[in-house]
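K.L.:
Need a 3D model of the following:
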Amino acid sequence: LSAMRQPEQTSFLFVLHPEAISIKETRRAIDELIKLDIENFSLIINGIIPPEGRRNPLFAARAEMQARYLVQIEFNFPYPKQRMTLLADEIQGVRKLRQVGKIFFDGEPDSRLEEVASVRAQSEMHVSSLDLVRARIQPNGHRRTVFFAGKGGVGKTVASCITAVWLAQQGYRTLLLTTDPAAHLGDVLDSPVGDEVAPVSGQPHLWAVKIDPKAAAETYKARILDDARQRGRPETAIQVMEEELDSPCTEEMAAFDKFIEYASQEGWEAIVFDTAPTGHTLRLLELPVDWSKQIDVKVFASVEGTAADDVAKQRFGKVIEMMSDPEQSTFAFVMYPEATPILEAWRAARELGTVGIHPGLVVANMVIPAEQVTTPFVQSRRLMQEKYLKEIAERFSVPLAQIPLLPQEIKGLKMLAELGELMYGNGDRAYAGKALEASHG
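P.N.:
Okay, the predicted model is just below:
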């Protein structure tokens with residue numbers, strides 16, 4: 001820790017986009033390090049739209065949004081900063097990395113923007129039928145639980161909020177919850193989300209709750225230790241249990257335990273689970289196995305041997321069975337149509353398959369609408385996306401939904417409802433263009 005505090009030995013480099021949630025998450029992470037007396041920070045502000053990108057109306061509107069956040073970043077983060085522009089094509093391969101290094105470190109301009117052939121409007125080619133998509137999120141005679149997964153920062157919170165709002169608008173009693181420590185649900189809903197289940201103001205049939213892993217862990221540890229004391233466990237055993245419960249994985253155990261509590265409640269017709277990043281989710285799913293193996297220490301302190309396994313099965317069996325049943329649960333992977341998010345989602349999906357859980361839906365986020373392809377810069381990026389939309393459809397072989405790139409951030413119930421109709425209903429396919437007109441109105 002001492003070396004980490006020395007700027008001569010260690011640098012903490014934060015990469016963020018000029019967007020509200022990214023700024024908030026960076027602030028949260030920096031504040032945590034400051035508590036440890038670490039303050040040797042630098043920032044890379046990534047994805048800044050270049051002048052050639054701003055010749056397109058959609059990207060010009062997003063550049064205006066970015067400009068406001070760049071001012072905020074300058075004001076709120078008094079640390080060295082570097083900026084990286086959004087390129088017309090993807091960063092992949094050694095040759096491209098060298099080129100990007102010259103742009104980033106040497107200040108050379110991006111000279112490789114080439115004229116590309118016109119990109120045909122193929123947006124519908126990689127969108128599954130609404131009936132197939134809806135079948136993966138709607139209750140089907142019993143409760144439906146939808147889990148959103150994917151690489152950090154790809155839009156799981158946005159996708160989960162759109163889905164929960166749409167389900168509530170269909171009249172389903174819907175619970176939206178998160179175990180993500182960043183807890184961005186309230187930001188996207190534009191409505192506070194607390195530690196207790198509460199209605200979302202302005203949206204009938206929708207409730208939301210934030211599971212705070214740290215608070216859940218404290219409650220969880222106190223419950224287990226109190227139960228052990230009441231059952232007469234010796235103090236030496238209590239000390240061993242306390243040491244075990246100080247393990248870093250206890251927060252994940254507690255969060256999963258709390259999720260099971262909500263998932264077991266009667267009355268919900270749909271539960272939408274805004275998960276933490278993929279690796280976290282997989283560890284949560286594996287926890288029941290770990291608990292069963294170490295059940296006498298960590299959970300049911302007075303139960304031994306085979307009886308411990310019986311108790312574990314009774315508590316977790318229905319939930320695990322529900323997660324594995326495609327008629328009751330859908331694991332939806334969210335990704336940008338780019339190489340790295342697709343690869344990470346594919347790896348996570350294969351790991352899920354080892355525990356009998358398979359993807360039921362994929363959501364491609366920030367897809368450039370075909371009608372907005374009006375300049376070489378945007379044509380190049382759309383062409384890249386088309387390639388990866390095709391790869392997503394072929395790799396996952398499940399229904400594919402899309403969230404369009406919009407001129408502003410997705411926030412508030414009105415926008416979420418409109419996007420829900422676009423993804424799951426009969427919404428206006430020209431929504432992005434009308435949103436652009438509204439942003440200038």
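
K.L.:
Do a quick rundown of the helices in the stretch 151-300 of the chain.
P.N.:
Assigned by DSSP state H, counting those that start in this stretch, the stretch 151-300 of the chain shows helices spanning 156-169, 185-189, 213-230, 235-245, 250-263, 278-293, 295-298.

K.L.:
Deepest-packed of those, please.
P.N.:
Comparing those by mean neighbour count (mean count of other CB atoms under 10 Å), helix 156-169 ranks first with a mean of 27. In this view, the C-beta of every residue, glycine as well, is placed from N, C-alpha and C.

K.L.:
To Ala348, which of the helices of the stretch 151-300 of the chain lies closest?
P.N.:
helix 278-293 (4.1 Å; CB to CB).

K.L.:
Nearest approach to Pro341 belongs to which of the helices of the stretch 151-300 of the chain?
P.N.:
Once those are compared by CB to CB, helix 278-293 is nearest, at 10.1 Å.

K.L.:
got the buried residues for stretch 404-422?
P.N.:
For stretch 404-422, burial by neighbour count (16 or more other CB atoms under 10 Å) applies to 404-407, 409-411, 413, 415-422.

K.L.:
Of these, which is the nearest to Ile23?
P.N.:
Of the buried residues of stretch 404-422, the one sitting nearest to Ile23 (CB to CB) turns out to be Glu409, at 11.2 Å.

K.L.:
A strand includes that closest one, no?
P.N.:
No - applying DSSP: H, G, I helix; E, B strand; the rest coil, one finds Glu409 to be coil, outside a strand.

K.L.:
how near is it to Thr179?
P.N.:
Glu409 is 23 Å from Thr179, where distance means CB to CB, to the nearest Å.

K.L.:
swap in Val165?
P.N.:
20 Å.

K.L.:
repeat for Asn40
P.N.:
31 Å.

K.L.:
On the three-state scheme, the closest residue to Asn40 other than its chain neighbours is what?
P.N.:
Nearest non-adjacent residue to Asn40, counting by CB to CB, 6 or more residues apart in numbering: Pro7, 3.8 Å away. Recorded secondary structure, Pro7: coil (three-state DSSP).

K.L.:
Tally up the residues packed near Pro7, please.
P.N.:
12 (other CB atoms under 10 Å).

K.L.:
Make sure it is actually in contact with Ile38.
P.N.:
No - with contact defined as CB atoms under 8 Å, Pro7 does not count as touching Ile38 (9.7 Å).

K.L.:
Between the helices of the stretch 151-300 of the chain, which has the poorest mean confidence score?
P.N.:
Of all the helices of the stretch 151-300 of the chain, the minimum mean pLDDT falls on helix 295-298 (a mean of 41).

K.L.:
wait, doesn't Leu1 sit right on Leu36?
P.N.:
Yes - counting by CB under 8 Å, Leu1 touches Leu36, with 6.8 Å between them.

K.L.:
out of those two, which sits in the busier spot?
P.N.:
The residue with more neighbours, out of Leu1 and Leu36, is Leu36; 10 against 7, by other CB under 10 Å.
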